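# build me a model:
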Amino acid sequence: MVESDKSVTLIPIFNDQAYYTKAFNYWRRIGNYIEAVHKWTDETFYVHVVEKLVANIGDGSDGKPLRVLGVGSGRGEIELVFLNKLLLKFPKIHTCVVEPCANLLTQYQHNIKEKATNFTFDWQNRTFEEFVKLQQESSFKYHFISACNSMYYVKNLQEALQSLYDMLAPGGSLLITITADYTGSGKLWRTFPYFGSETSSQDGSPNSASSSSHHRDSAHVHNVLRQLHIPYHIDNYTCYRKITRCFDEKESEDGNLALDFLTHTIRFRDAPKDLFQQVLACIKEYSVQRGDDWFFQSEHVCFFITKPT
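Got it, this is the predicted structure:
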């Protein structure tokens, strides 16, 4: 149970994995997240990662593969957008995929079948912490590391970021994306920190192996990188979710799914009326209105880190 105060008890959505998956899938359908990532990749990723890698390590004309590490890759739909951009300059890519959910890893393997000739893969069905232990005796380094929406779920953020940096080859690039602390979910969960005190995979798979009393956001990554004296450059992209049904006076399944995913609780509509109204007001504050519809604004901060050559 998640206790908001002495008199209110909320049920974490992770208590029901089937319901969590249903709510997560609905949340994906009502937004433009994938489209936003595609646009951002075209406009920003190519310049800050692809071109910088070419300048630092060459363009792969020597026949050696670009070495890539994906952390918390899920079903691969975001990672494959990055890999396709990298293919424009690097004809051979070897990718190590670290994903603790076997089902998601299988979906990734299915999604990559048609492009198998361009890539080779090392599939690691394990947590990042388990992977780091395996790499302790290895000198293998990666040219590009992608950790998109996965730093929410590591047990120790400082150790994880240091490990990622240590695995980076000289001249290599590390990309970390995470929810901005100043918009959308970041502000909502800072206002109501008792929502959903457990964690999950961004691709819809509850991760019972780790939990936290707070939700990580961009501010946490900022602070740790500064503590580690790791220089970085930041960018961002914004996506929107149509959440109009959250504000319907008459209860609806769509409205409940959106509310429950936002709050990471089950049947949040049954919460005490004053809490329910406070949360609705916050959600509306962090949303934009277009005509008769409301769209929840969610900004993601992107940290670019380059290891000196």
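# could you point out the helix or strand that follows the helix or strand bottoming out on mean pLDDT in the chain?
When the helices and strands of the chain are compared on mean pLDDT, DSSP states H and E, strand 206-211 comes out lowest with a mean of 38. Beyond strand 206-211 on the C-terminal side, the first helix or strand identified by DSSP states H and E is helix 218-227.
# list the buried ones in that following helix?
218, 220, 221, 222, 224, 225 (16 or more other CB atoms under 10 Å). Bear in mind the C-beta positions are built from the backbone N, C-alpha and C, glycine included.
# the helices in the stretch 201-309 of the chain, which residues?
Using DSSP state H, counting those that start in this stretch, the helices of the stretch 201-309 of the chain run over 218-227, 253-263, 273-285.
# include distance to residue 297 and mean pLDDT when you put the ones you listed into a markdown table, please.
Putting the helices of the stretch 201-309 of the chain into a markdown table (distance: least, CB to CB, whole Å; pLDDT from 0 to 100) gives the following:
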| stretch | distance to residue 297 | mean pLDDT |
| --- | --- | --- |
| helix 218-227 | 15 | 95 |
| helix 253-263 | 12 | 92 |
| helix 273-285 | 10 | 92 |
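# which of those helices sits most buried?
helix 253-263 (a mean of 21; mean count of other CB atoms under 10 Å).
# which elements pack onto that one?
helix 17-29, helix 184-191 (3 or more CB pairs under 8 Å, 6 or more residues apart in numbering; DSSP states H and E).
# now the angle from the last one to helix 218-227?
By that I understand helix 184-191. 90 degrees (axes from the mean of the first three to the mean of the last three CA atoms, to 10 degrees).
# rewinding a little: so for residue 34, which of the helices of the stretch 201-309 of the chain sits nearest?
Set against residue 34 and scored by CB to CB, the helices of the stretch 201-309 of the chain come closest in helix 253-263, at 16.8 Å.
# quick one: the closest one to chain centroid distance?
Taking CA atoms, centre = their mean, to the nearest Å, the mean C-alpha location of helix 253-263 is offset from the chain mean by 20 Å.
# tell me which of the helices and strands packed on helix 253-263 sits most buried.
Of all the helices and strands packed on helix 253-263, helix 184-191 has the most neighbours on average by mean count of other CB under 10 Å, namely a mean of 20.
# would you put the C-alpha positions of it in CSV?
What follows is helix 184-191, C-alpha atoms only, in CSV (Å, rounded to 0.1, in the frame of the first residue of the first chain):
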residue,chain,number,x,y,z
GLY,A,184,4.3,16.7,-16.5
SER,A,185,4.9,13.6,-14.5
GLY,A,186,8.1,15.0,-12.8
LYS,A,187,6.1,17.8,-11.2
LEU,A,188,3.1,15.7,-10.5
TRP,A,189,5.1,13.0,-8.6
ARG,A,190,7.1,15.7,-6.8
THR,A,191,3.9,17.2,-5.6
